[in-house]
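J.: okay, sequence plus prediction incoming.
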Amino acid sequence: MSHISKLTHENVFKDVWASLYKGVTRGAHAFHTPVLASVWREKPDARTVVLRHADEEQRQLICHTDVRSPKVSMLRKNPQVAWLFYDREAKVQLRMYGQAKLHHADRVAEKRWETCSQSSRRCYLAPVAPGLDLATADSRSVDRTDGFENFAVVSCEVSEIDWLFLQAKRHLRAHFTWSRGQWSAKWVAP
């Protein structure tokens, strides 16, 4: 926050996306591992994910998942999601809301798979689907070289952004809403 030269909606908005880009490219950045929340059977369900892509122009946030994961079924039934980012050092909490779209075995998934490191690809080799009971703690991967059949992309089109700066003197909060092809912004009570 201290690097925002002048506190305007425009500067806050630019800082939000700059921080998201850093979260994508820098593994140690606070925004690299946000919480993604969805709804399942009228209850909230949240998990930490790795932010893989952020695109201001497309209003898009992307993470990867195993297509066998319970979150995939959840998102197919109710695609509404919330993202929660918190940067302790910058004292910024960021909540983003939107609609998720799943990509599996399509061109989007293929393009994202090409960007995955070998170590990331191994995550999709588990012989048992995420969330299923195991007889033991051992869940080693099977001997395969590809995991693409289990790989899925969660792409979220953002429609709301809630930015909160937590400073000792006075918290500041801005809310951005996408409507009619453009962002509107307002200051709100923290």
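T.: Done, it's in. Numbers count the residues shown, from 1 in each chain.

J.: most residues in a single strand of the chain, which one?
T.: strand 151-165 (DSSP state E).

J.: tell me which residues of that one are tucked away?
T.: 151-156, 158-159, 161-165 (16 or more other CB atoms under 10 Å). (Glycine included, C-beta is placed from N, CA and C.)

J.: nearest to residue 174 among these?
T.: residue 163 (4.8 Å; CB to CB).

J.: which intervals of the protein have sub-threshold pLDDT?
T.: Low-confidence segments of the chain, defined by pLDDT under 70: 1-5, 128-129, 132-145.

J.: spatially central residue in it, please.
T.: A centroid search over the chain (CA atoms, centre = their mean) returns residue 51, at 5.0 Å, as the residue closest to the centre.

J.: and the next helix or strand past the longest strand of the chain?
T.: Next along the chain after strand 151-165, taking DSSP states H and E as the criterion, comes strand 172-179.

J.: run the angle between that following strand and strand 151-165 for me.
T.: 130 degrees (axes from the mean of the first three to the mean of the last three CA atoms, to 10 degrees).

J.: now the helix or strand just after strand 172-179: buried residues?
T.: Using DSSP H and E, the helix or strand that directly follows strand 172-179 along the chain is strand 182-187. Buried residues in strand 182-187, counted by 16+ other CB under 10 Å: residue 183.

J.: and strand 182-187, what does it pack against?
T.: In terms of contacts (3 or more CB pairs under 8 Å, 6 or more residues apart in numbering; DSSP states H and E), strand 182-187 is packed against helix 9-25, strand 172-179.

J.: show me how far the first one is from its chain's centre.
T.: What that stands for is helix 9-25. 14 Å (CA atoms, centre = their mean, to the nearest Å).

J.: hang on, the earlier thing: partners of the longest strand of the chain in the sheet?
T.: Applying DSSP bridges to the sheet, strand 151-165 is found paired with strand 60-66 (antiparallel), strand 92-104 (antiparallel), strand 172-179 (antiparallel).

J.: picking that back up, closest to residue 123 out of the helices and strands packed on strand 182-187?
T.: helix 9-25 (17.7 Å).

J.: next, the angle strand 92-104 makes with the following helix or strand past that closest one.
T.: For helix 9-25, the succeeding helix or strand toward the C-terminus, using DSSP H and E, is strand 35-40. Taking the same axes, to 10 degrees, one finds that strand 35-40 is oriented at 60 degrees with respect to strand 92-104.

J.: distance from the chain centre to strand 35-40, please.
T.: 10 Å.

J.: again, but for stretch 41-58
T.: 3 Å.

J.: so what touches it?
T.: 17, 20-21, 23-24, 31-39, 60-65, 71, 74, 84, 112, 115, 154, 157 (CB atoms under 8 Å, 6 or more residues apart in numbering).

J.: flag every buried residue along that stretch.
T.: Neighbour count says stretch 41-58 has 49-55 buried, by 16+ other CB under 10 Å.

J.: ok, so of these, who is nearest residue 7?
T.: Using CB to CB, these come closest to residue 7 at residue 54, 22.4 Å.
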